[in-house]
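J.: fold the following for me, if possible:
(one chain, ligands or ions: 1)
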Amino acid sequence: MSGVEELNENANGLTPSTVQMLEFHNGLSMAHILSVIAEIGVADQVTDGPLGVEELAKRTGTNADALYRVLRAVASKGVFAEVSPRTFGLTPLAATLRSNVDGSMRDVFRLQGQLCMLDAYAAIGHSVRTGEPAFEHVHGTTLFSYLTARPELSELFSSAMGNSARQIQRPVIDAYDLSDVRRLIDIGGAHGHLVAAILSRYPTMKGVVFDLPHVVPGAAGVLAKAGVADRAEMVGGDYLRAVPAQGDAYTISHVLHQVSDAEAVTVLTNIRKVMAPAGRVLVVDPVIPEGDLPHPGKFMDITMLMLTQGRDRTKAELVDLFEQADLRHVETVALSAPSSIVVAMAA
Ligand SMILES: C[S@@+](CC[C@H](N)C(=O)[O-])C[C@H]1O[C@@H](n2cnc3c(N)ncnc32)[C@H](O)[C@@H]1O
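T.: Take a look at the predicted model:
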């Protein structure tokens, strides 16, 4: 029997379920490899054209043979292409790992590869057994106090979030008309990407980026680059205590899913107490469909389980939070992105 026949026979001997489960099993190494490829910056090196692995190893301070093996593995999934033997070039998937490009995923993967995150993932059994965040179990403190004590990591976190914000901001802005809003306040606005994009679209609107005091100064550059700094304020604070007043619209993007139900009601109540009459709250979060339907929010929810006291919620769960904060659900706008806009007003 030739080698090829043996391979076929083995392949035929595997059930589709086994093949699928092996694929899931390999997902762990795929995620780790992508993190390291993002960290060493391979995609930036081949922006101007393909490079041989020896040159890539020299430029990235890595071992050429090991680098070849990891690139060969991810190229088999369409991330980079081996354009000639041991020479790799960009593909559309690999291009997302470049820095400073619209839609860059580089910092998202770099963040995932940080030891503090990997340690938390490794302790997911603790979360499953107790319902408590593995991150707090491993590091003895909450995610955000851990980040506050580590400025470089906090910067990487905000940059990764900013990049995902850029991914979701277009669908949000396209899907929801804000032309009657005079003052928009973005709660947990990180580096101001959403405010910058919305103010660019509506030339008379004023905006506020509200986030933790050490985070919010990072918005200055983004607002200036968008040419909206003269219409934007940056306010530092704690959304569990108070939020800026008199907004006609409060966006709160990927924030409620990182806090417990009780904290979410506190944040929503803090908004409701100070918003302008007829003001609106626009929650931008995944809305988990009922049943077994596939939805990326179902995996984002596991990240929330490990890292925070939060969770990704169904529409019914969000409506229940609104009601506890004396708000009423007005509409839900499904976006093409993993998240939707769920709108509420004072009850
Ligand atoms: C997951 S990020 C979301 C950022 C951005 N809105 C987005 O959609 O990408 C959550 C943000 O909440 C901020 N945050 C965490 N705790 C906070 C608090 N107690 N008060 C105000 N902001 C807080 C974090 O600094 C972070 O920028």
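J.: okay, now residue 291: neighbour count?
T.: Residue 291 sits with 5 neighbouring residues when counted by other Cβ atoms under 10 Å. The way it works is simple: take the backbone N, C-alpha and C, and place the C-beta from them, glycine included.
J.: do you know the pLDDT at it?
T.: Listed pLDDT for residue 291 reads 91.
J.: what about it, is that helix, strand or coil?
T.: Secondary structure for residue 291, judged by DSSP: H, G, I helix; E, B strand; the rest coil, is coil.
J.: ok, now how distant is it from residue 319?
T.: 18 Å (Cβ to Cβ, to the nearest Å).
J.: likewise for residue 71?
T.: In terms of Cβ to Cβ, residue 71 sits 47 Å off from residue 319.
J.: likewise for residue 117?
T.: 32 Å.
J.: so which of the two has more stuff around it?
T.: Comparing residue 117 with residue 319 by other Cβ under 10 Å, the one with more neighbours is residue 117, at 20 against 17.
J.: and the spatially closest residue to the more buried one that is not a sequence neighbour, what helix or strand is that in?
T.: Nearest non-adjacent residue to residue 117, counting by Cβ to Cβ, 6 or more residues apart in numbering: residue 111, 6.5 Å away. Using DSSP states H and E, residue 111 sits within helix 106-112.
J.: in PDB, list the C-alpha atoms belonging to the following helix or strand past that helix.
T.: The helix or strand immediately downstream of helix 106-112 is helix 115-122, counting by DSSP H and E. Provided in PDB are the C-alpha atoms of helix 115-122 (Å, rounded to 0.1, in the frame of the first residue of the first chain):
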ATOM      1  CA  LEU A 115       0.600  36.400  30.300                       C
ATOM      2  CA  CYS A 116      -2.000  37.800  32.600                       C
ATOM      3  CA  MET A 117      -4.700  37.000  30.100                       C
ATOM      4  CA  LEU A 118      -3.400  33.500  29.400                       C
ATOM      5  CA  ASP A 119      -3.200  32.700  33.100                       C
ATOM      6  CA  ALA A 120      -6.800  33.700  33.400                       C
ATOM      7  CA  TYR A 121      -7.800  31.500  30.500                       C
ATOM      8  CA  ALA A 122      -5.900  28.600  32.000                       C
END
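J.: so which other helices or strands are in contact with the helix or strand following helix 115-122?
T.: Going down the chain from helix 115-122, the next helix or strand is helix 124-130, by DSSP H and E. When contacts are defined as 3 or more Cβ pairs under 8 Å, 6 or more residues apart in numbering; DSSP states H and E, helix 124-130 packs onto helix 134-139, helix 297-307.
J.: need the contact list for the residue lying closest to residue 275 once chain neighbours are set aside.
T.: Among residues not flanking residue 275 along the chain, residue 247 sits closest, at 5.6 Å (Cβ to Cβ, 6+ apart). Listed by Cβ atoms under 8 Å, 6 or more residues apart in numbering, the contact partners of residue 247 are 183, 184, 185, 208, 271, 274, 275, 276, 279.
J.: what of residue 94?
T.: Contacts for residue 94 were tallied using Cβ under 8 Å, 6+ apart; they are 42, 43, 46, 79, 80, 81.
J.: quickly find the element holding it.
T.: Counting by DSSP H and E, residue 94 is part of helix 92-95.
J.: in that helix, what counts as buried?
T.: By 16 or more other Cβ atoms under 10 Å, the buried positions in helix 92-95 come out as 93, 94, 95.
J.: what's the closest non-adjacent residue to the second one?
T.: What it means is residue 94. Of all residues not flanking residue 94 in the chain, residue 80 sits nearest, at 4.4 Å (Cβ to Cβ, 6+ apart).
J.: which phi and psi does the one you found have?
T.: phi 70, psi 160 (degrees, to the nearest 10).
J.: what's around it, how many residues?
T.: 26.
J.: residue 127 reaches residue 305, doesn't it?
T.: Yes: judged on Cβ atoms under 8 Å, residue 127 makes contact with residue 305 at a distance of 5.1 Å.
J.: overlap in contacts of the two?
T.: residue 133.
J.: tally of neighbours for the residue nearest to residue 117?
T.: That count, for residue 111 with other Cβ under 10 Å as the rule, works out to 20.
J.: distance of residue 24 relative to residue 30?
T.: Remark: distance between residue 24 and residue 30 (Cβ to Cβ) = 10 Å.
J.: next one: residue 46
T.: Distance from residue 46 to residue 30, by Cβ to Cβ: 19 Å.
J.: likewise residue 210?
T.: 37 Å.
J.: compare these two (neighbour count), which wins?
T.: The residue with more neighbours, out of residue 210 and residue 30, is residue 210; 26 against 14, by other Cβ under 10 Å.
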